[in-house]
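**Student:** Next input, structure requested:
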Amino acid sequence: MNSDSGGYETNITPKKKTSKFLPLLFILFCAVAIGIGIRHYKSSRPPVVSWDIYFSEVDAGDSHPTLESRLVERLSIAVSRVDAALYHLDSTSIADAFIKAHRRGVQVRVVTETDNIDEDAIAQLQEVGIPVADDGDSGSYMHHKFIVIDEQYVWTGSYNTTYNGAYRNKNNVIFIDSVPLAYNFTQEFRELFRQMRAEKSAGASVVHPKVTLGDGTQIYTYFSPENDIISSLLREIGSAKKSIHFMAFSFTQDALGTAMRERFESGINVRGVFEKRLVDDRYSEYNAMKKAGLGVTLDRHKGSMHHKVIVIDEEIVITGSYNFSKNAEERNSENLLIIKENPDIAQIYLAEFDRIAR
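**Tutor:** This next block holds a predicted model:
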């Protein structure tokens, strides 16, 4: 009996161990598979931090990533939605990136300026069923250059999605990971899209006028003509304690120029770079600033100096599609960001200023 009992126990014990071991092995296998899948997913997507800044750097050589290639890379991460408000789109590469996103199930929509609706790149989008709207108004510009990806990422700045914008002109882009900021731009896009399709306006406003990123960066969002941008700019210029640097494609806003001259007269260091082709405009602030002794100069490099940037006290950055002009304030559809509490961002834009001004 004892022998039989011992044999029974010997035979049954391995079965109990096997029944426990197999589920554990299966769970372990699943965990490893999931881990590998996550690593592959992350490695297949470009790394995203709270913000990133790009410049066209047209003199950097062929090996340097272009704004065009960077945007194509960013569009490749789109999963659900892409809303693009683009003054001008003539880039085949970017049109192809929109089409690829559309074909993998991403909802892609575009609004553009009436004067540029006949571009071949726009026709390519329309041929595959991507909805494109234009304002039908030749008296003002849909001058935005922003893209919202998956209602989380915002791409904006001075860069028009054209060959010249990427390869000849000096432009800047800031790419920001922020759901609240993306919501602001998504609402602006939806409002534009409704207006351009003659649908009822929702009277959208900036829901999150101040957005704080995880690193403490504060971003204030403005859209014209619905927001009073010039008052905010004058307030920031008036707050300058030591320096103002600006890069201006078009600078004809007299109130802003006067404010800068007054800050210079009070001892603030004011320096600026103007696009040389536009200073002959009788409304340009260049001659008045030069005469007053401000440290202003003309861009001497090839291509257009297309930035619309102000840096205050090496801490505050103002950037977007908004030229410093009356039309940008009162007639055109524009966007502008005021970025605070991040000296690192300010230093990046100041480095671009130094490259152009030298």
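**Student:** quick one: the helices in the stretch 1-150 of the chain?
**Tutor:** 2-44, 67-75, 92-103, 120-127 (DSSP state H, counting those that start in this stretch).
**Student:** cool, and the stretch 151-300 of the chain?
**Tutor:** Using DSSP H, counting those that start in this stretch, helices in the stretch 151-300 of the chain cover 163-167, 179-196, 229-238, 254-265, 286-292.
**Student:** and the second one, what other elements does it pack with?
**Tutor:** Applying 3 or more C-beta pairs under 8 Å, 6 or more residues apart in numbering; DSSP states H and E, one finds that helix 179-196 contacts strand 81-86, strand 107-112, strand 132-134, strand 145-149, strand 153-157, strand 210-212, strand 218-224. Any C-beta I mention is one placed from the backbone N, CA and C, and that applies to glycine too.
**Student:** Could you dump these into JSON lines with mean neighbour count added?
**Tutor:** Shown next, in JSON lines, are these (neighbours: other C-beta atoms under 10 Å):
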{"stretch": "strand 81-86", "mean neighbour count": "24"}
{"stretch": "strand 107-112", "mean neighbour count": "22"}
{"stretch": "strand 132-134", "mean neighbour count": "20"}
{"stretch": "strand 145-149", "mean neighbour count": "24"}
{"stretch": "strand 153-157", "mean neighbour count": "24"}
{"stretch": "strand 210-212", "mean neighbour count": "16"}
{"stretch": "strand 218-224", "mean neighbour count": "22"}
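**Student:** just so I know, which of these lies nearest residue 354?
**Tutor:** strand 153-157 (18.6 Å; C-beta to C-beta).
**Student:** how distant is that closest one from the center of its chain?
**Tutor:** 2 Å (C-alpha atoms, centre = their mean, to the nearest Å).
**Student:** What of stretch 351-358?
**Tutor:** For stretch 351-358, the separation from the chain centroid amounts to 21 Å (computed by C-alpha atoms, centre = their mean).
**Student:** so how many other residues sit close to the residue lying closest to residue 281 once chain neighbours are set aside?
**Tutor:** Of all residues not flanking residue 281 in the chain, residue 252 sits nearest, at 6.3 Å (C-beta to C-beta, 6 or more residues apart in numbering). Other residues near residue 252 come to 20 when the count uses other C-beta atoms under 10 Å.
**Student:** Surely residue 252 is in contact with residue 279?
**Tutor:** No. Using C-beta atoms under 8 Å, residue 252 is not in contact with residue 279, being 10.2 Å away.
**Student:** Contact partners for the residue nearest to residue 281?
**Tutor:** By C-beta atoms under 8 Å, 6 or more residues apart in numbering, residue 252 lies in contact with 281, 283, 284, 285, 324, 325, 326.
**Student:** Not counting sequence-adjacent ones, nearest residue to the fourth one?
**Tutor:** Read it as residue 285. Nearest non-adjacent residue to residue 285, counting by C-beta to C-beta, 6+ apart: residue 257, 3.5 Å away.
**Student:** and what of residue 259?
**Tutor:** Residue 259's closest residue in space is residue 237 (C-beta to C-beta, 6+ apart), at 4.5 Å.
**Student:** ok, now residue 126?
**Tutor:** Closest residue to residue 126 apart from its sequence neighbours, by C-beta to C-beta, 6+ apart: residue 132 at 5.6 Å.
**Student:** gap between the one you found and residue 82?
**Tutor:** Counting by C-beta to C-beta, to the nearest Å, the gap from residue 132 to residue 82 is 13 Å.
**Student:** which residues are common contacts for the two?
**Tutor:** residue 109.
**Student:** how many neighbours does residue 269 have?
**Tutor:** Around residue 269 there are 14 residues (other C-beta under 10 Å).
**Student:** wait, I meant residue 187
**Tutor:** 18.
**Student:** Wait, it touches residue 207, no?
**Tutor:** Yes. Counting by C-beta under 8 Å, residue 207 is a contact partner of residue 187 at 6.4 Å.
**Student:** Over stretch 205-218, what's the mean pLDDT, rounded is fine.
**Tutor:** What stretch 205-218 shows for mean pLDDT is 96.
**Student:** make that stretch 232-251, sorry
**Tutor:** Mean per-residue pLDDT for stretch 232-251: 98.
**Student:** In it, which residues are buried?
**Tutor:** Buried residues in stretch 232-251, counted by 16 or more other C-beta atoms under 10 Å: 233-234, 236-237, 240, 243-251.
**Student:** Which one of those is nearest to residue 125?
**Tutor:** When those are ranked by distance to residue 125 (C-beta to C-beta), residue 249 comes first, at 27.0 Å.
**Student:** List the contacts of that closest one.
**Tutor:** Residue 249 makes contact with 158, 275, 278, 304, 305, 306, 307, 308, 323, according to C-beta under 8 Å, 6+ apart.
**Student:** Could you list the residues in contact with stretch 73-82?
**Tutor:** Looking at stretch 73-82 with C-beta under 8 Å, 6+ apart, the contacting residues turn out to be 45-46, 48, 94, 97-98, 100-101, 106-109, 147-151, 153, 155, 175.
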